[in-house]
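1. Test case, fold it:
(one chain, ligands or ions: 1)
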Amino acid sequence: MDMPTTRPIALFDMRAQQDLIRAELDRRIAAVLDSGRFVQGPECQELEEKLAAFAGVAHAVGVSSGTDALQIAMMAEGIGRGDAVFLPAFTYTATAEVPLVLGATPVFVDVDPHTFNIDLADLERRVALVKAEGNLRPRAVIGVDLFGLPADWPAIEAICAREGMFALDDAAQAFGARLHNKRLGAWGGAAALSFYPTKTLGCYGDGGALLTDDAEQADLYRSLRTHGEGKTRYEVLRTGMNGRLDTLQAAILLCKLPLLEDELASRTRVAVWYGERLRGRVQVQADLAGAESAYGLYSILLADAAQRARVQESCKAAGVPTAIYYPLPLHHQPAYRDHHAAALRDAPPLPVSEALCTRILSLPMHPYLDEGQADRVCEAVVAGL
Ligand SMILES: *Cc1c(COP(=O)(O)O)cnc(C)c1O
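-> As a prediction, this is how the structure comes out:
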């Protein structure tokens, strides 16, 4: 490797991977162009089989985005008006948008200050409050595997089983992660994946999938993604949506999936480099016992907003891109704060989610970073402390 440390550093790098598989991409895209089967072509089923095998689940259903995957899973449960859907306040907006689109009420739950994932004690507390106030039915929990780190699925599953709620895994940032040696996809009642370009497995546009072990549930997801169709194309059994994955995106994902295992190992290697250089100087996302993160992002916590601003500046000066995921907790978003206020009469505060938004910073994370680049990133961070 000649002068590896002088290469520019990207927050995400889709180019390096494309260079590795360009010939295969051209071949598979050309095959779709030649076949003309742009919707539900054979690549879609081939991808579904390979995704299911990779995740170790029985069924994968390709859909048009991670957001639509979440929506289809909620529609399949019949979730709507009068239903409470519990989800972390510190996540991407899509997690909260879906229950609202279906007429349900999101109930924001605080997150753990170390793992940044849903706080189980706070979840229990808010489920009890919803039941005590009696206006909404507790129906589902959407657990998010933030930045690639699995949420505590055995605990979420236990709470959902006890309360008769559906456990939906928003694994949009975490495809490939493992918990107790099982990949995400095998946890909860179903898992939603996103193939947005910057995710651990990304396409060249929008895409997503639902993973489940249940054959009936998979059939229902297939029906819902195609306007609720039944056995024949023009039999409509239920209100569905147009939520299919494109054949072209499936073809692109088929070129990328064979790289994923190695890319996950590379992401872990980058995380180890960062951890060695940063631990003890800044707080990094904690591990969960038994979990192997997919490292969709690598996020650090600074002491306060002022220190974060200094680190952002020193990184910028050193040519190290950073980003803030997320600058606002969802209960403070203009679109959601009235819903938050209406969900519970006596909603406890969400102090951890609020504090994380002022202190979090995400560093470059992709499989094609080398150790010299990791050095430069960490030097820039430390220079700003
Ligand atoms: C990216 C993301 C989504 C949405 O996925 P899209 O494919 O962009 O619709 C949902 N939840 C989380 C946590 C995400 O990071």
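2. Tell me where the stretch 1-150 of the chain has strands.
-> Assigned by DSSP state E, counting those that start in this stretch, the strands in the stretch 1-150 of the chain fall at 59-63, 83-88, 105-109, 137-144.
3. Between those strands, which one is closest to the ligand.
-> Closest of these to the ligand is strand 137-144, at 4.9 Å (criterion: CB to the nearest ligand atom). All C-beta spots, glycine's among them, are computed from the backbone N, C-alpha and C.
4. which outside residues touch the closest one?
-> 70, 74, 77, 79, 82-88, 91-92, 95, 98-99, 104, 117-118, 123, 127, 130-131, 151, 153, 156, 159-160, 163-170, 172-173, 188 (CB atoms under 8 Å, 6 or more residues apart in numbering).
5. Which PyMOL command selects the buried ones in the residues you listed?
-> The PyMOL selection below is limited to those of these classed as buried (16 or more other CB atoms under 10 Å):
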select buried, resi 70+74+77+79+83+84+85+86+87+88+91+92+95+98+99+104+117+118+123+127+130+151+153+156+159+160+163+165+166+167+168+169+170+172+173+188
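6. I figured residue 254 hits residue 43, correct?
-> Yes. Using CB atoms under 8 Å, residue 254 makes contact with residue 43 at a distance of 6.1 Å.
7. Can you get me a residue count around residue 154?
-> 10 (other CB atoms under 10 Å).
8. Check it and give its pLDDT.
-> Among the per-residue scores, residue 154 holds a pLDDT of 98.
9. And the pLDDT at the nearest residue to it once chain neighbours are set aside?
-> Distances taken as CB to CB, 6 or more residues apart in numbering place residue 180 nearest to residue 154, at 7.6 Å, with adjacent residues excluded. At residue 180, the pLDDT value in this model is 97.
10. number of nearby residues for residue 180?
-> Neighbours of residue 180 using other CB under 10 Å come to 13.
11. so it touches residue 290, yeah?
-> Yes. Using CB under 8 Å, residue 180 makes contact with residue 290 at a distance of 4.6 Å.
12. Residue in the protein with the shortest distance to the ligand?
-> For the chain, CB to the nearest ligand atom, closest residue to the ligand: residue 66, 2.5 Å.
13. So that residue versus residue 262, what's the distance?
-> 23 Å (CB to CB, to the nearest Å).
14. do you know how far the residue nearest to residue 154 is from residue 48?
-> 25 Å.
15. ok, back up a step: and residue 66 and residue 262? which has more neighbours close in?
-> Between residue 66 and residue 262, residue 66 has the larger neighbour count (other CB under 10 Å), namely 28 against 10.
16. residues in contact with that one?
-> 94, 170, 172, 192-196, 199, 208.
17. ok, which of those also contact the ligand?
-> Residues of those in contact with the ligand (CB under 6 Å from any ligand atom): 94, 170, 172, 194, 196, 208.
18. Present those as TSV; the columns should include pLDDT and secondary structure.
-> Compiled in TSV, the ones next to the ligand among the contacts of residue 66 are given as follows (pLDDT from 0 to 100; DSSP: H, G, I helix; E, B strand; the rest coil):
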residue	pLDDT	secondary structure
94	96	helix
170	98	strand
172	98	coil
194	98	strand
196	98	coil
208	98	strand
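19. Residue 378 and residue 275 touch, don't they?
-> No. Taking contacts as CB under 8 Å, residue 378 lies outside contact range of residue 275: 9.8 Å.
20. Look at the two and report which has more neighbours.
-> residue 378 (21 against 15).
21. Contact partners for the more buried one?
-> 273-274, 277-278.
22. what about 6 Å?
-> Going by CB atoms under 6 Å, 6 or more residues apart in numbering, residue 378 touches 277-278.
23. Show me where the stretch 201-350 of the chain has its helices.
-> Taking DSSP state H, counting those that start in this stretch as the criterion, the stretch 201-350 of the chain carries its helices at 215-225, 247-278, 305-317, 337-343.
24. want to throw these into a markdown table with mean pLDDT?
-> Converted to a markdown table, the helices of the stretch 201-350 of the chain look like this (pLDDT from 0 to 100):
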| stretch | mean pLDDT |
| --- | --- |
| helix 215-225 | 98 |
| helix 247-278 | 98 |
| helix 305-317 | 98 |
| helix 337-343 | 96 |
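25. For those, give me a markdown table that also has distance to the ligand.
-> As requested, the helices of the stretch 201-350 of the chain are exported to a markdown table (distance: least, CB to the nearest ligand atom, whole Å):
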| stretch | distance to the ligand |
| --- | --- |
| helix 215-225 | 14 |
| helix 247-278 | 11 |
| helix 305-317 | 21 |
| helix 337-343 | 18 |
